[in-house]
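> Just to be clear, the model below is a prediction. Sequence and coordinates:
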Amino acid sequence: MKILIIEDEKPAARQLERLLQRSEEFEGSIHGPLESIAQTVDHLREHSNYDLILMDIHLADGPSFEIFESVDPSTPIIFCTAYDQYALEAFKLNSIDYLLKPIEPADLDRALQKYKKLHAQRQTPELSAAEILKALQKPKEESKSYKERFMIKLGDRIISRETREVQFFYSAEKASFLQDQDGRSYPIEYSLDQVEASVPNRDFFRINRKYLIRFEAIREMHSYSGSRIKLHLMHCDDDDILVSRDRTAEFKHWLDS
């Protein structure tokens, strides 16, 4: 199996290579990583004899779908993305799969098994790579309803906070909390994964395992070692908030959208 990796984050590319090398489902050669749209287009024009491509949704110079405006490779593609699983559920096709970052070994094995099964049956994609990527770029808010408020239990009282009032959600000591615009924190009966799936992606971003933030909550941003970003949030005493390395490129795209 000849695999090409297209990924602009070097740590993520190295991790993907390690996962492939350790996978019992993989035997062959690994090529790349290619880091940009321009580099990928030039490469695929000259080299198209790959069995499988592992491609990040967002590259250094823009979204991956722009690649297919210049080339249309017939090679099956597995997308690597930080989009939430719920938003991608409709795009699980027989011929194209996705890996949700951070990538787990079992998920990679599943995707490789799917590819090998399709390859053995000589099946072709139901949709082109360009169609899938363009669909992934479309807002999901029109077809999905989101929580408008969160109910909060305080002793024997129950109060509510509108989602639009929330600056960020966070986890601490095995519990989850929301913090409003006035800097007041309240416990909520949801995990951050559940909250992330219930609020609009355009308004909130999961920067790491601990924080799900609104853009307006950001007081300052600073460059940090390893191409990472350090944040200072409004009404927050935590001075060590880092955007996860695997989510940095996606975070930059979210800021610019």
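Yep, it's here. Numbering: from 1, shown residues only.

> So which residue is dead centre in this protein?
Residue closest to the average C-alpha location in the chain (Cα atoms, centre = their mean): A82, at 0.5 Å.

> from memory R161 sits against E148, does it?
No - counting by Cβ atoms under 8 Å, E148 is not a contact partner of R161; they are 10.4 Å apart. Placement of C-beta: from N, CA and C, glycine included.

> got the residue ranges for the helices in the stretch 1-150 of the chain?
Using DSSP state H, counting those that start in this stretch, the helices of the stretch 1-150 of the chain run over residues 10-22, 37-46, 85-88, 105-120, 129-137.

> right, so of these, which gets closest to I77?
Of all these, it is helix 129-137 that lies closest to I77, at 4.8 Å by Cβ to Cβ.

> what ranges of the stretch 1-150 of the chain fall below the confidence cut-off?
Scanning the stretch 1-150 of the chain for pLDDT under 70 picks out the ranges 83-96, 122-144.

> again, 80 this time
Within the stretch 1-150 of the chain, the set of residues satisfying pLDDT under 80 comprises 60, 62, 65, 72-74, 81-98, 101-102, 118-119, 121-145.

> domains of this protein?
2-137, 149-256 (automatic domain parsing).

> ok, back up a step: mean neighbour count added to the helices of the stretch 1-150 of the chain, as TSV?
Listed next are the helices of the stretch 1-150 of the chain as TSV, based on neighbours: other Cβ atoms under 10 Å:
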stretch	mean neighbour count
helix 10-22	16
helix 37-46	16
helix 85-88	16
helix 105-120	16
helix 129-137	18
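
> Any chance of a markdown table for these, columns distance to H232?
Putting those into a markdown table (distance: least, Cβ to Cβ, whole Å) gives the following:
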| stretch | distance to H232 |
| --- | --- |
| helix 10-22 | 24 |
| helix 37-46 | 32 |
| helix 85-88 | 29 |
| helix 105-120 | 33 |
| helix 129-137 | 30 |
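
> Of those helices, which is nearest E216?
Of all those, it is helix 85-88 that lies closest to E216, at 22.4 Å by Cβ to Cβ.

> the strands in the stretch 151-257 of the chain, which residues?
Ranges of strands within the stretch 151-257 of the chain are 157-162, 166-172, 175-180, 185-188, 204-206, 211-214, 218-224, 228-233, 241-242, based on DSSP state E, counting those that start in this stretch.

> And those strands: which comes nearest T248?
strand 228-233 (5.9 Å).

> The residue lying closest to the residue nearest to the centre of the chain once chain neighbours are set aside and S185, how far apart?
Distance criterion Cβ to Cβ, 6 or more residues apart in numbering; nearest residue to A82, sequence neighbours excluded, is E250 at 4.2 Å. Using Cβ to Cβ, to the nearest Å, one gets 26 Å for the distance from E250 to S185.

> Just want to know which of these two has more residues nearby.
Neighbour tally, E250 and S185, criterion other Cβ atoms under 10 Å: the higher count belongs to E250, 22 against 15.

> got a list of what that one touches?
Residues in contact with E250, defined by Cβ atoms under 8 Å, 6 or more residues apart in numbering, are 57-58, 81-82, 101, 205.
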